[in-house]
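K.L.:
my questions are about this predicted structure, shown below with the sequence.
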Amino acid sequence: MSVAILRQGEYLIASVQSDLTDREVVDVRDELSRRVGAERIRGIVIDVSVLDVIDSFVARALRAVAATAALRGAETVVAGIRPQVAIAMVHFQLDLAPLRSALDLDEALALLDALASGGGGHGG
């Protein structure tokens, strides 16, 4: 798989290593959803900094991860969206709501910590 999923405390960090096939996107979505319940995960960070494109299929899969995680008590943050990818997403009206976004992994983890402590955080 082109995504490394690591556990850090109560968080899962899914680091995309290369462009993903549709099958890999579905596999990652399913694996993250499974692990949230099985491991009592409170937050997920999905690092997409290597992606040159986030199309509608990937955007739907990311939203599905966030919705499933939220139903199981976990927050989801997407980190590292490149500027040109963000511009294209806006141009094609791709919406990642209810996902929160962060500039990088450090900001994503800080956001999850703020949400866990009731601070509400920012992003998205």
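P.N.:
Thanks, I have it. Numbering: from 1, shown residues only.

K.L.:
CA atoms for contacts and neighbours, from now on please.
P.N.:
Fine.

K.L.:
state the distance from the residue of the chain positioned farthest from its centre to residue 78.
P.N.:
No residue in the chain sits farther from the centre than residue 91, which is 20.8 Å out by CA atoms, centre = their mean. Residue 91 sits 19 Å away from residue 78, going by CA to CA, to the nearest Å.

K.L.:
how many residues are close by residue 93?
P.N.:
10 (other CA atoms under 10 Å).

K.L.:
if I look at it, what pLDDT would I see?
P.N.:
Confidence at residue 93, expressed as pLDDT, is 90.

K.L.:
all helices of the protein, in order?
P.N.:
With DSSP state H as the criterion, the chain has helices at 22-38, 56-71, 83-91, 105-116.

K.L.:
let me have those in JSON lines, adding distance to residue 45 as columns.
P.N.:
Shown next, in JSON lines, are those (distance: least, CA to CA, whole Å):
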{"stretch": "helix 22-38", "distance to residue 45": "10"}
{"stretch": "helix 56-71", "distance to residue 45": "10"}
{"stretch": "helix 83-91", "distance to residue 45": "18"}
{"stretch": "helix 105-116", "distance to residue 45": "7"}
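
K.L.:
nearest residue to residue 66 other than its sequence neighbours?
P.N.:
Sequence neighbours aside, residue 76 is the residue nearest to residue 66 in space, at 5.3 Å (criterion: CA to CA, 6 or more residues apart in numbering).

K.L.:
what's the answer for residue 108, then?
P.N.:
Residue 108 sits nearest to residue 102 (CA to CA, 6+ apart), 5.1 Å away.

K.L.:
gap between that neighbour and residue 45?
P.N.:
Counting by CA to CA, the gap from residue 102 to residue 45 is 9 Å.
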